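Undergrad: need a structure here:
(chains A, B and C)
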Amino acid sequence: MRWFLPREDDFFDIFERAANNADVAAAALLELVVKFDDLPERAKRIKDLEHAGDKITHEAIDRLNRTFITPVDREDIHELVCRIDDIVDLIDTATNRMVLYKIGEPTHAVIDLVRCLKHSTAVIRETMPLLRNMKNARAIAERCIAIQTQENEADRVMQHAIAALFESRPDPIEVIKWKDIYEEIESATDRCEDVANVLDSIILKNA
Amino acid sequence: MRWFLPREDDFFDIFERAANNADVAAAALLELVVKFDDLPERAKRIKDLEHAGDKITHEAIDRLNRTFITPVDREDIHELVCRIDDIVDLIDTATNRMVLYKIGEPTHAVIDLVRCLKHSTAVIRETMPLLRNMKNARAIAERCIAIQTQENEADRVMQHAIAALFESRPDPIEVIKWKDIYEEIESATDRCEDVANVLDSIILKNA
Amino acid sequence: MRWFLPREDDFFDIFERAANNADVAAAALLELVVKFDDLPERAKRIKDLEHAGDKITHEAIDRLNRTFITPVDREDIHELVCRIDDIVDLIDTATNRMVLYKIGEPTHAVIDLVRCLKHSTAVIRETMPLLRNMKNARAIAERCIAIQTQENEADRVMQHAIAALFESRPDPIEVIKWKDIYEEIESATDRCEDVANVLDSIILKNA
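TA: Predicted coordinates for the structure are as follows:
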């Protein structure tokens, strides 16, 4: 093991690749719930993105191990890549559930929920390059608020979606299945908010 | 952006206002489940408290941004206000669920659970002023234990409440609805315990 | 209150006792789901282990309060003992649910899930003594990966187990009960992964 000279750009590159990967995974999930065809093929593609995310996360942690001076706090780097990794994991889990639970067709609510998630991952993706320069602190903070707003919206959509299930579905098993899938997707928007919180905390310490 | 001279009192004021707001929200939820009338009006009142909580949280974070020296670790301040904010959010979510799920009447268990929560928020409220002086470390630690005890009690009440649902409710949809509401309220007591854990950690570092 | 001279060994002793206790609790849960006899007696034994875990956790926090220089970061010590405590709490909760929900007989899936958990606690137990010497960083890192792999496996087992419930159980209440128990055990493996993450983070800072 040898120490590298600090190369700040490497970490920012990793953040951007992780965020791009999460946004691509959210796009793949959105396409899945909108088109709802070729599910095994689409699930495989999302699983591949989940593995790609794992590789990026391990690369980040490995680099942390070998870097003495980091551009932002080590703990924040760790948290940032882990929470982005969680987003992709939850997208993969929600996908697996739709396949394993043998869902016949998507609900309007699941499409609305995934749209909220896709919106959040897009904002995260466009925020990452701003992190290279702390003069962008205000612009980053505004995007963090946008992510938090989207999380509130996802929560509202999910609550109404679950209430709608209770009113319309005669089969309790169907209610349980969809509730489970909705909650998984809503958790992914929670992890987006966690990312926003780490970004907020990085600004707190560095701006 | 300009730096303010450190004014320790400001943060302690914010902590106290946040804790008061959470305790008022818990009181409003308790009154709601006990009386179970005028639900839309009561839900609106709780939503207003949730918005008031958001404002307090943003004020805290804004002040963190503009303060160079803080009376306790920046990260602990951030964590403390965020977890108190979570308590109010969960109270609001539980309320929304009772309205959205068109609950006809409260169970004994939901009243017991909210009583546990109200007990915890009252202890948090009375602990906050003690934080101004680290000579109160022991008194703070004792209150943290009281909050943890209450969280265990809430967990026990919830488990028995869910078991009772299984035995008494012929309709699985009713079981799903109440289980969901119970879990939301129990999560609020978990967040109270998180607040206790931050307080413990502040004592660890400062006493 | 007086300050003790730093005695690094004391903390490592506590970590080892906490990890041993969690592994013994997982073993007790595994025996419970395999044999599924004398449930009240077995539940009492697990509750005793949960109380023993609480005592170890409080001892750790008390010692933190009275120690000026710690062998690893105070926050990591706090996190490590709290997450190990969570594992035992969740084992106790899962046990209580099986008793309270009046489960008649175990499923194959619950046995598989507890085996994953037991595997993770065994790895945590064998990793703790390595923490005394940072020359073991690589060996610790490898064990962390093993714990993460096991968590993925537990997640996969749980998802298939829930899908199997949907296909085989005509009674939605049975589905709700088992889903709840599976999720509690799977959460325990998540907490094992959290322990692995703290260990990773200790290595990051100290190796």
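
Undergrad: check contacts around A:Trp178.
TA: In this structure, A:Trp178 makes contact with A:103, A:107, A:109-110, A:161-162, A:165, A:169, judged by C-beta atoms under 8 Å, 6 or more residues apart in numbering or on different chains. Yep, even glycine has a C-beta here, placed from its N, CA and C like the rest.

Undergrad: how about A:Val175?
TA: With contact taken as C-beta under 8 Å, 6+ apart, A:Val175 is in contact with A:165-166, A:169, B:173, B:176.

Undergrad: from those residues, pick the one nearest chain C.
TA: Taking C-beta to the nearest C-beta as the measure, B:Ile176 is the one of the contacts of A:Val175 closest to chain C, at 6.8 Å.

Undergrad: picking that back up, out of the contacts of A:Val175, which is most surrounded?
TA: The most crowded member of the contacts of A:Val175, judged by other C-beta atoms under 10 Å in any protein chain shown, is B:Ile176 (23 neighbours).

Undergrad: hang on, that one packs against C:Ile173?
TA: No - B:Ile176 is beyond contact range of C:Ile173, at 9.9 Å (criterion: C-beta atoms under 8 Å).

Undergrad: need the buried ones from the contacts of A:Trp178 selected in ChimeraX.
TA: Filtering the contacts of A:Trp178 down to the buried ones (16 or more other C-beta atoms under 10 Å in any protein chain shown) takes a single ChimeraX command:
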select /A:103,107,109,110,161,162,165,169
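
Undergrad: what residues does chain A have near chain B?
TA: Applying the criterion C-beta under 8 Å from any C-beta of the partner chain, the portion of chain A that neighbours chain B consists of A:155, A:159-160, A:162-163, A:166, A:172, A:175-176, A:179, A:197, A:200-201, A:203-205, A:207.

Undergrad: please repeat the previous calculation with a cut-off of 6 Å.
TA: Contact residues (C-beta under 6 Å from any C-beta of the partner chain) of chain A with chain B: A:159, A:163, A:166, A:172, A:204.

Undergrad: quick revisit: same list (the contacts of A:Trp178) but as JSON lines, adding pLDDT and secondary structure.
TA: Conversion of the contacts of A:Trp178 to JSON lines gives the following (pLDDT from 0 to 100; DSSP: H, G, I helix; E, B strand; the rest coil):
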{"residue": "A:Ile103", "pLDDT": "95", "secondary structure": "coil"}
{"residue": "A:Thr107", "pLDDT": "95", "secondary structure": "coil"}
{"residue": "A:Ala109", "pLDDT": "94", "secondary structure": "helix"}
{"residue": "A:Val110", "pLDDT": "96", "secondary structure": "helix"}
{"residue": "A:Ala161", "pLDDT": "92", "secondary structure": "helix"}
{"residue": "A:Ile162", "pLDDT": "92", "secondary structure": "helix"}
{"residue": "A:Leu165", "pLDDT": "92", "secondary structure": "helix"}
{"residue": "A:Arg169", "pLDDT": "76", "secondary structure": "coil"}
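
Undergrad: for the contacts of A:Trp178, which one is nearest chain B?
TA: Using C-beta to the nearest C-beta, A:Ile162 is the member of those that lies nearest chain B, at 7.6 Å.

Undergrad: residue contacts, that closest one?
TA: A:Ile162 makes contact with A:Lys179, according to C-beta atoms under 6 Å, 6 or more residues apart in numbering or on different chains.

Undergrad: so which bits of chain A are right by chain C?
TA: Contact residues of chain A with respect to chain C, defined by C-beta under 6 Å from any C-beta, are listed as A:64, A:96, A:100-101, A:172-173.

Undergrad: confidence-wise, which of the residues you listed comes last?
TA: For the residues of chain A next to chain C, the least confidently modelled position is A:Leu64, at 83, judged by pLDDT.

Undergrad: so how many other residues sit close to that one?
TA: Other residues within reach of A:Leu64, judged by other C-beta under 10 Å, total 20.

Undergrad: one more: A:Asp9?
TA: Taking other C-beta under 10 Å as the definition, A:Asp9 ends up with a neighbour count of 10.

Undergrad: swap in A:Ala139?
TA: Neighbouring residues of A:Ala139 were enumerated by other C-beta under 10 Å; the total is 13.

Undergrad: same deal with A:Pro170?
TA: Number of residues near A:Pro170 (other C-beta under 10 Å) recorded here: 7.

Undergrad: what's the separation between it and C:Pro172?
TA: For A:Pro170, the distance to C:Pro172 equals 12 Å [C-beta to C-beta, to the nearest Å].

Undergrad: A:Val88 now?
TA: Relative to C:Pro172, and taking C-beta to C-beta, A:Val88 is found at 32 Å.

Undergrad: mean confidence score for stretch A:15-29?
TA: Rounded to a whole number, the mean pLDDT of stretch A:15-29 is 98.

Undergrad: contacts for that stretch?
TA: Here stretch A:15-29 makes contact (C-beta under 6 Å, 6+ apart) with A:45-46, A:49, A:52-53, A:56, A:81, A:84, A:87-88, A:91, A:114, A:117-118, A:121-122, A:124-125, A:128.
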